[in-house]
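A.B. asks: Below are the sequence and a predicted model for it; my questions follow.
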Amino acid sequence: MNPNAPSPADDREPAEHRRFAHCLRALETVSEADEAGLVAAVLDDRDALMAGSAVSRHLDRRAAALLGGPAFTAWARTLAGVVARSDFLTRRLREWVLLHSIVRGGPWTAGELAGASDWFQRTAVATPGLTDPAALALLARDGRTRRVRAAASRRLREAGRAR
């Protein structure tokens, strides 16, 4: 049996689903040196929705892995140029940069945090590295959803008990 031969299930799966899975596998294993080129190649796919979804998953995975470390900034700067033609991906990367700044004790504003997407606010309150009491207090008070406000309030209470 040839492991590279398509299975009968492959014949039933739509081509865009196979391309999506292929893109995800390639993005999961790409080297740092080849990452920007591969992301650009994926974004050139004729199915822009599929390509954007694959790259969004990749950005989320890589950004989360690099979030607290010094390599994040250079990575984000490199990818910013690659994703610049997609408003969604540009915003997602910008929000990862904001989260990185908060986690690392860098600058941020109340307007940036309050104006960030629901996704960002949920991600922020679920990120263990985000311990800034001012950021958590702002999200507890002004988070867009009850879920965000409750999670931020819980994190603040837990931080108070840990002292």
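C.D. replies: That came in fine, so what should we check first? If you're wondering where the values come from, they're calculated on a predicted model, not measured in any experiment. Numbering: from 1, shown residues only.

A.B. asks: Residue 60 touches residue 89, doesn't it?
C.D. replies: No. Assessed by Cβ atoms under 8 Å, residue 60 is found out of contact with residue 89, at 10.6 Å. Quick note: C-beta positions are derived from backbone N, CA and C, even for glycine.

A.B. asks: These two: which has the busier surroundings?
C.D. replies: Taking other Cβ atoms under 10 Å, residue 60 and residue 89 do not tie; residue 89 has more neighbours (22 against 15).

A.B. asks: what does the helix or strand harbouring that one contact?
C.D. replies: Element membership for residue 89 (DSSP states H and E) is helix 87-103. Under the criterion Cβ atoms under 8 Å, 6 or more residues apart in numbering, residues 52, 55-56, 59-60, 63, 67-68, 72-73, 76, 79-80, 83-84, 106-108, 112-113, 116-117, 119-120, 123-124, 127, 129-130, 132, 135 lie in contact with helix 87-103.

A.B. asks: rerun at 7 Å
C.D. replies: 52, 55-56, 59, 63, 67-68, 72, 76, 79-80, 83-84, 107-108, 112, 116-117, 120, 123-124, 127, 129-130, 132, 135 (Cβ atoms under 7 Å, 6 or more residues apart in numbering).

A.B. asks: In helices, which of the residues you listed fall?
C.D. replies: Taking DSSP state H as the definition of helices, the contacts of helix 87-103 contribute 52, 55-56, 59, 63, 72, 76, 79-80, 83, 112, 120, 123-124, 135.
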